[in-house]
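> fold the stuff below for me.
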Amino acid sequence: MLTAEQLIALPTVLEIKSELMRNKPPLKVDAETCINQFDPVKHDVFDESIRPKKMIQKASGAKDANGKDLYETRQEEVARIALPYQEIIVERSIGFLLGNPIVLEAEGGDGSDQQQALVDMVEKIWTKNKLDYRNKDIARKLFSECEVAELWYLVDANDDYWGELSKGVFKPKVKLLAQSLGDILYPYFDLSGDLIAFGREYRLLNGTQVEQRFDLYTADLTIKYLVMSNTIESILPNPFGKIPIVYYRQEYPEWYRVQSMIERFETSVSNRADSNDYSGAPITVVKGQLEGFASKGEQGKVLVVSGDGDVKYLESNNAPEATKLEWEMLKENIYSMSQTPDISFAQMKGLGRASGIALKLLFLDAHMKARTKEGLFGEGIQRRTNLLIEIISKVIDLKFGAIAKIITLVPVFTPFLPLDEKAEIDAISVAVSAGVMSKETGVRNNPLVSDSDVELQRLKDESVGSISNSVM
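As a prediction, the model looks like this:
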């Protein structure tokens, strides 16, 4: 294990990359495999080395010397049906974790106006960088590729960017880094698990030349290398005092435990499609000599056979039911073992009007998964808010230096749940009437109220008006 200074001192960029890779914790599934599994077009059913074309004997149209048909061996395409369960699992995980925006709560501050100004600046950065939407992109990359990072940097700000909050001339921007975006990520942790350096390898088009580049970030420096020439393009001081990277990682993708079931499902569905191509249309089996056949479109069709002949359709009695049973079992296990609710129209249309407690029980497993993911994802969001406070207090506006040392912005997650508005309002009404909840708290928790402060003022005005009318 090297220190950040020892890492930078290595003589070549290849040695730096080698040291970073040696220290990188391995993933159970590499990023390229994850990306291929997430993309339905890259599933194994489309790989001819895994699901080859079918070799068949087909009449060539020629005959031998005895007048018999000659046959030739040909390749025939097989059915290839991909089922995008990986995408469904990831998107529903994102929906339950981030369906409601993350709320930032201040802890450890002094409650001063300066503290509120700092919080407002963080929230402005959050809004300007559209982080509520970026959070979903980050979660999508994390859940499907197992690693993703945020790179924060500064650009010039317009005169009115900060308004009355600050006279700062810079504003923070963020860029997502992931393998699907063309980046190779090299986190470097010390023995205590702290990130002490971070490398990013990528390609950049410079005129007509494609350059392979490598950037190394530490708490003190940002060093940019040109890989092919093993030269340093630039060395810049890091004014933040923290590595400008927020790194997210998990060992395997969301569908890891059910991948084999998805592959079996795709194979079975594709095989059934092949079978339907051959036997979906009726096949007539004739026993004996067929003497006559009805014409196309003829009413009251009759087949004439001689002797003890017989005519019947060729059909399978057991195979379709066995296949259907397997499909139902696979579908149920894919959803349940990935803690993903089946909220398709076919499933939900028979549910009827469910009560609030019934909805909570229905989505209990998905909420348990969201709470587990909250620990992993929330740690990254916490690092982001800490980094933003450092950027503000050390570069954008030094007046926040003192308050930045004592305040922490904690992310609060609220897993998504369909609301039973009537039940919510009834519960609030009972609590207010029983004297265990104030009217103000009731208004703030009312799902039909979008702006509680405005609503409270309206209620106050209506109350004053009611008293005036009674006096008159």
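> what residues are up against Leu70?
Residues near Leu70 by C-beta atoms under 8 Å, 6 or more residues apart in numbering: Ala59, Ser60, Ala62, Lys63, Asp64. C-beta here means a position set from N, CA and C on the backbone, and glycine is covered the same way.
> the residue nearest to Gln114 when sequence neighbours are not counted: what secondary structure?
Using C-beta to C-beta, 6 or more residues apart in numbering and skipping the chain neighbours, the partner closest in space to Gln114 is Ile403 (5.4 Å). Under DSSP: H, G, I helix; E, B strand; the rest coil, the three-state class of Ile403 is helix.
> right, and Ile403 touches Val119 too?
No: using C-beta atoms under 8 Å, Ile403 is not in contact with Val119, being 9.6 Å away.
> roughly how far apart are Cys34 and Leu205?
26 Å (C-beta to C-beta, to the nearest Å).
> the more surrounded of those two?
Taking neighbours as other C-beta atoms under 10 Å, Cys34 and Leu205 compare with Cys34 leading, 26 against 8.
> ok, residues contacting the helix or strand harbouring that one?
In the assignment (DSSP states H and E), Cys34 maps to helix 31-38. Helix 31-38 has contacts (C-beta under 8 Å, 6+ apart) with 29, 42-43, 86-87, 90, 144-147, 179-180, 253, 255, 259.
> in ChimeraX, how would I select the buried members of the residues you listed?
To isolate the buried ones among those in ChimeraX, judged by 16 or more other C-beta atoms under 10 Å, type:
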select :29,43,86,87,90,144,145,146,147,179,180,253,255,259
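> which of the contacts of helix 31-38 lies closest to Val210?
Among the contacts of helix 31-38, Gln179 lies closest to Val210 (C-beta to C-beta), at 17.5 Å.
> rewinding a little: name the nearest of the contacts of helix 31-38 relative to Asn238.
Among those, and counting by C-beta to C-beta, the member closest to Asn238 is Glu147, at 22.2 Å.
> hang on, that closest one packs against Glu251?
No: Glu147 lies out of contact with Glu251 (C-beta under 8 Å); the separation is 9.9 Å.
> name the residues contacting each of those two.
With C-beta under 8 Å, 6+ apart, Glu147 and Glu251 have common neighbours Leu27.
> pull the contacting residues for Leu20.
Neighbours of Leu20 in contact, by C-beta under 8 Å, 6+ apart: Leu7, Tyr186, Pro187, Tyr188, Ala197, Gly199.
> which residues does the second one form beta bridges with?
In this structure, Tyr186 has the following beta-bridge partners (DSSP bridges): Gly199.
> distance of it from Ala149?
10 Å.
> who touches both of these two?
With C-beta under 8 Å, 6+ apart, Tyr186 and Ala149 have common neighbours Phe198, Arg200.
> give me the element the residue positioned nearest the centre of the chain is part of.
Centroid-nearest residue in the chain: Arg140, 2.5 Å away (criterion: C-alpha atoms, centre = their mean). Arg140 is part of helix 131-145 when elements are defined by DSSP H and E.
> output the following helix or strand past that helix in CSV with nothing but the alpha carbons.
The helix or strand immediately downstream of helix 131-145 is strand 147-156, counting by DSSP H and E. Output of strand 147-156 as CSV, limited to C-alpha atoms (Å, rounded to 0.1, in the frame of the first residue of the first chain):
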residue,chain,number,x,y,z
GLU,A,147,-19.6,1.2,-10.1
VAL,A,148,-20.0,4.9,-11.0
ALA,A,149,-18.5,8.2,-9.9
GLU,A,150,-19.2,11.9,-9.8
LEU,A,151,-16.5,14.3,-10.8
TRP,A,152,-17.0,17.8,-9.4
TYR,A,153,-15.2,20.9,-11.0
LEU,A,154,-15.6,24.7,-11.1
VAL,A,155,-16.6,27.0,-13.9
ASP,A,156,-17.1,30.8,-14.0
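> next, the angle from strand 147-156 to helix 31-38.
Using axes from the mean of the first three to the mean of the last three C-alpha atoms, to 10 degrees, the inter-axis angle of strand 147-156 relative to helix 31-38 is 100 degrees.
> what helix or strand is the residue nearest to Ser336 when sequence neighbours are not counted located in?
Leaving aside its chain neighbours, Ser336 sits nearest to Asp365 (7.6 Å; criterion: C-beta to C-beta, 6+ apart). If you go by DSSP H and E, Asp365 is part of helix 364-391.
> circling back to that earlier point, count of neighbours near the residue nearest to Gln114?
20.
> re the thing from before, now do the buried residues in the helix holding Cys34.
Going by 16+ other C-beta under 10 Å, helix 31-38 has these buried residues: Ala31, Thr33, Cys34, Ile35, Gln37, Phe38.
> what sits up against the helix or strand following that helix?
Using DSSP H and E, the helix or strand that follows helix 31-38 towards the C-terminus is strand 54-63. Residues from elsewhere that reach strand 54-63 (C-beta under 8 Å, 6+ apart): Asp69, Leu70, Tyr71, Glu72, Thr73, Arg74, Gln75, Glu76, Glu77, Val78, Asp274.
> gap between strand 54-63 and the chain center?
48 Å (C-alpha atoms, centre = their mean, to the nearest Å).
> pairing partners for the very next helix or strand once past it, with directions?
Sequence order places strand 69-76 as the next helix or strand after strand 54-63, per DSSP H and E. Strand 69-76 has its sheet partners listed here by DSSP bridges as strand 54-63 (antiparallel).
> what sits against Thr385?
Leu104, Val122, Thr408, Leu409, Val410, Pro411.
> can you pull the domain assignment for this protein?
With domains defined by automatic domain parsing, the chain comprises 4-29+83-255+366-412, 421-471.
> and these, which is most packed in?
Compared across those, domain 4-29+83-255+366-412 shows the largest average neighbour count, a mean of 17 (mean count of other C-beta atoms under 10 Å).
> quick check: end-to-end length of that domain?
Counting by C-alpha to C-alpha, to the nearest Å, you get 33 Å between the two ends of domain 4-29+83-255+366-412.
> what of stretch 100-113?
For stretch 100-113, the end-to-end distance is 28 Å (C-alpha to C-alpha).
> quick one: it to chain centroid distance?
Worked out by C-alpha atoms, centre = their mean, stretch 100-113 lies 27 Å from the chain centre.
> and stretch 22-42, by the same measure?
Using C-alpha atoms, centre = their mean, the offset of stretch 22-42 from its chain centre is 14 Å.
> stretch 366-381 too?
On C-alpha atoms, centre = their mean, the centre of stretch 366-381 falls 13 Å from that of its chain.
> one step back: ok, now how distant is the residue nearest to Gln114 from Val246?
22 Å.
> repeat that for Thr73.
58 Å.
> hmm, back to that, average pLDDT for the helix holding Cys34, rounded please.
Taken as a whole, helix 31-38 carries a mean pLDDT of 95.
> export it as PDB, just CAs?
The C-alpha coordinates for helix 31-38 follow below in PDB (Å, rounded to 0.1, in the frame of the first residue of the first chain):
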ATOM      1  CA  ALA A  31     -18.600  -4.200 -15.900                       C
ATOM      2  CA  GLU A  32     -18.600  -5.400 -19.500                       C
ATOM      3  CA  THR A  33     -20.600  -8.500 -18.600                       C
ATOM      4  CA  CYS A  34     -23.100  -6.400 -16.600                       C
ATOM      5  CA  ILE A  35     -23.600  -4.000 -19.500                       C
ATOM      6  CA  ASN A  36     -24.200  -6.900 -21.900                       C
ATOM      7  CA  GLN A  37     -26.700  -8.500 -19.500                       C
ATOM      8  CA  PHE A  38     -28.500  -5.200 -19.000                       C
END
